[in-house]
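Peer 1: below is the sequence, then the predicted model.
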Amino acid sequence: MVSLEKMARLAMECRFDSLGRSASEDAASLMPHSNTADCASAKIEIGGCGPKNSPTEMIADRVNEKKLAVLGEATKHDVCASTFSPRSEPLPGICHAFTQDGRCVSLFKTLYTNLCSHQCGYCSNSAGCMNRGQAFSYTPEELARITLSLYRGNYIEGLFLSSGVGRDEERITEKMIETIRQLRQEHCFSGYIHLKILPGSSRSHIQEAMMLADRVSINLEAASASHLSEICSTKSYESDILQRQRYIQRLMTELRSEDGRAILPAGQTTQMVVGAGGESDEEIFQRMIFEYNEINVKRTYYSAFSPRQGTLLEARPAEALWRERRLYQMDWLYRVYGFRPSEIRYAFDESGFLPNSDPKMAIAREFLDLPLDPNRASYQQLLRVPGIGPKSARRIIARRKSQAILSRRELAILGVRIRKAAPFLKINGWTEATLERWQA
C-alpha cells in the first residue's frame, strides 16, 4: 500500500513535473510532520486519508458534485472536436480533443457559470429558456484547484473554459482570466488552455486572456447578422462578435511574450450552429472563406442544431448530423487540400445546399474529364481524385521516383481508397469503365 508520505516524496523527486517548482512545494506540504498524518490537511489531490481511484472521488470532498455535473454538461454547445472519455465513471466535462498531428488529448471542458442574460434560442442556459435549471458558478480558486487535481492525476492535459455571460460579461471575463492567471502564475501550470471570449468583451480583457491562454475563440453562431437575429436578439453580429475577432487578430501581430515569443500559439477558432437560422450551406461556405482569409482563424467548427425543451426554438426540427459532416468535408477541401472556391461551388445544389454525398466526388465528376495516370499526375491533380488525400498523394510521388506504379494493390498499400479512386485513374494503361463515361 502506498502511503501519503511515500507519494509526497515521489512527487518531490519527479524532475519531469510540468507544474514546475510549486508542484514540489505542494508535495512537501502534504508530508506528515509527526507519526500521525493529519489527513484533514491534505490538498485536493488527495481529498482524504488516501489516494482516490477516480477523478470524481479525488474532488468529491471539496466540490459540489451537482455543480461539477451541470457546468460540465452545459458545454455541449461548444465544440473542440471532442467526445466524452470512455473511462468508467468519467468526471462530467472530461472530453477528448484531437491535435492536427492526430494526437488525442484529454481536456477538462466546463463553464465558469451557467447563468446567462442572452436570449440564444437554441441554448438551455439562455435567459429565455423556460426550463432553465439552478444557476451555478465557480470561484477562480475553486476552478483552478479542480483543474490542478485532474492534471496532476493524469486525467487531463488541459482546460477548455467557456461560460455564460452572467449579468455582466466583463465581471465574468475577469473571473475567467483570474482562474487561468492563478493556474499559470501561481501554480506554474503548463498544460493547454482554451478560453472562450464572451461576446462584447473589452479589448483589454481580450489582451489579458491572450497572454495566458494557448487558444481563444468567440462563436460566430450564424453565417450573417440577419441569420444571427433569427436565433438571438441580444447580440450584435458586427460589434459583439466580428469586432472582437478583429481585436484578437490585431493583437496576435502586435504582442509578444516576455521572452520574445509570439503569443497565443494555437491561434483563434470559431464555431457556427448549423440549421438554427435557416442559412444555406453556400452561405456558411462564404462566411468560412471570410474567417480564414480575413480573420485568420485556425479552425471553423460546425454544430448541428438540436432543439432543447423550453428554449425559444424548441419547435424547430433538429438538423441532420450528416449535414454537419458534409460541411466539415467541404471545409477540409478548402483548408487542407487547397481546393479553390470556384471548384467547391460545384458541390452545392441549385438551392445552395450540400447533398448527403461526398462533395469531393461531385467536384471530381465536374473537373476530371479524363482518367489520371498516377505515374504522371502532379500533386495537386492527385488531390482532386476521390480516395486520395495529402498523405497518399505524397507517397505516390515518392514511390514513382524509384519505380512505376502498375497495380491497384500498390496504390492501396500507399493508402489510396481504391473503390473511390479507380474510376478516375489510368493504371498501367487500364481504366475502369463507368456508366457516365459510356453515356458520354
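Peer 2: Arrived safely. Numbering: from 1, shown residues only.
Peer 1: so what's residue 161 closest to, chain neighbours aside?
Peer 2: In space, residue 161 comes closest to residue 195 once its chain neighbours are excluded; the distance is 5.3 Å by C-beta to C-beta, 6 or more residues apart in numbering. Every C-beta, even on glycine, is put in place using the N, C-alpha and C of the backbone.
Peer 1: where does the stretch 151-300 of the chain dip in pLDDT?
Peer 2: By pLDDT under 70, the low-scoring segments of the stretch 151-300 of the chain are 257-259.
Peer 1: circling back: list the pairing partners of the strand or helix carrying the residue nearest to residue 161 within its sheet, with orientation.
Peer 2: Secondary structure assigned from DSSP states H and E places residue 195 in strand 192-196. Strand 192-196 has the following sheet partners, assigned by DSSP bridges: strand 158-162 (parallel), strand 215-217 (parallel).
Peer 1: mean neighbour count and distance to residue 280 added to those, as CSV?
Peer 2: Compiled in CSV, the strands paired with strand 192-196 are given as follows (neighbours: other C-beta atoms under 10 Å; distance: least, C-beta to C-beta, whole Å):
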stretch, mean neighbour count, distance to residue 280
strand 158-162, 25, 28
strand 215-217, 25, 24
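Peer 1: Serialize these to CSV and add fields for distance to residue 189.
Peer 2: Output for the strands paired with strand 192-196, formatted as CSV (distance: least, C-beta to C-beta, whole Å):
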stretch, distance to residue 189
strand 158-162, 8
strand 215-217, 15
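Peer 1: what segments of the protein are strands?
Peer 2: Taking DSSP state E, the strands of the chain run over residues 83-84, 94-98, 104-111, 158-162, 192-196, 215-217, 268-274, 299-304, 426-427, 430-431.
Peer 1: extract the CA atoms of the third one and return them as CSV.
Peer 2: Written as CSV, here are the backbone C-alpha positions of strand 104-111 (Å, rounded to 0.1, in the frame of the first residue of the first chain):
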residue,chain,number,x,y,z
CYS,A,104,-5.6,12.7,-28.7
VAL,A,105,-5.6,14.9,-25.7
SER,A,106,-8.0,15.0,-22.7
LEU,A,107,-9.4,18.3,-21.6
PHE,A,108,-11.5,19.5,-18.6
LYS,A,109,-14.3,21.2,-20.5
THR,A,110,-16.6,23.3,-18.4
LEU,A,111,-18.5,26.6,-18.0
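Peer 1: other SSEs contacting it?
Peer 2: If you count contacts as 3 or more C-beta pairs under 8 Å, 6 or more residues apart in numbering; DSSP states H and E, strand 104-111 packs onto helix 65-73, strand 94-98, helix 140-152, strand 158-162, strand 192-196.
Peer 1: quick check: which of these is buried the most?
Peer 2: When neighbours are counted by mean count of other C-beta atoms under 10 Å, the highest per-stretch mean among those falls to strand 158-162, a mean of 25.
Peer 1: now do it against helix 140-152, angle only.
Peer 2: Using axes from the mean of the first three to the mean of the last three C-alpha atoms, to 10 degrees, the inter-axis angle of strand 158-162 relative to helix 140-152 is 150 degrees.
Peer 1: how close does residue 327 get to residue 307?
Peer 2: Counting by C-beta to C-beta, to the nearest Å, the gap from residue 327 to residue 307 is 19 Å.
Peer 1: same deal with residue 334?
Peer 2: Using C-beta to C-beta, one gets 30 Å for the distance from residue 334 to residue 307.
Peer 1: please apply the same query to residue 157.
Peer 2: For residue 157, the distance to residue 307 equals 33 Å [C-beta to C-beta].
Peer 1: so the residue nearest to residue 161 touches residue 179, yeah?
Peer 2: No. Contact criterion C-beta atoms under 8 Å: residue 195 and residue 179 do not qualify, at 9.1 Å.
Peer 1: now for the two: what residues contact both?
Peer 2: Between them, residue 195 and residue 179 have residue 161 as joint contacts when contacts are counted by C-beta atoms under 8 Å, 6 or more residues apart in numbering.
Peer 1: need the residues that contact stretch 119-133.
Peer 2: By C-beta under 8 Å, 6+ apart, the surrounding residues in contact with stretch 119-133 are 70, 74, 77, 111, 114-118, 164, 221, 230-235, 273, 276, 305-313.
Peer 1: so how far is the first residue of that stretch from its last?
Peer 2: Using C-alpha to C-alpha, to the nearest Å, the end-to-end distance of stretch 119-133 comes out at 15 Å.
Peer 1: pLDDT (mean, whole number) over it?
Peer 2: Computed over stretch 119-133, the mean pLDDT rounds to 91.
Peer 1: buried residues, that stretch. List them.
Peer 2: If you call a residue buried by 16 or more other C-beta atoms under 10 Å, then stretch 119-133 has these buried ones: 119, 120, 121, 122, 123, 124, 125, 126, 127, 128, 129, 132.
Peer 1: next up, phi/psi of the third one, please.
Peer 2: Listed backbone geometry of residue 121 is phi -70, psi -20, with angles given as degrees, to the nearest 10.
Peer 1: same thing with the fifth one?
Peer 2: Phi and psi for residue 123, reported as degrees, to the nearest 10, are phi -100, psi 130.
Peer 1: that one and residue 187, how far apart?
Peer 2: Distance from residue 123 to residue 187, by C-beta to C-beta: 32 Å.
Peer 1: name all residues that make contact with the closest residue to residue 207 other than its chain neighbours.
Peer 2: Excluding the flanking residues, the one nearest residue 207 by C-beta to C-beta, 6+ apart is residue 251, at 5.6 Å. The contact partners of residue 251, by C-beta under 8 Å, 6+ apart, come to 203, 206, 207, 210, 263.
Peer 1: would you map out the domains in the chain?
Peer 2: The chain breaks down by automatic domain parsing into domains covering 4-41, 55-319, 370-439.
Peer 1: among these, which is nearest residue 342?
Peer 2: domain 55-319 (11.5 Å; C-beta to C-beta).
Peer 1: what about the helices in the stretch 201-350 of the chain?
Peer 2: Using DSSP state H, counting those that start in this stretch, the helices assigned to the stretch 201-350 of the chain run over residues 203-212, 225-231, 243-254, 281-290, 321-335, 341-344.
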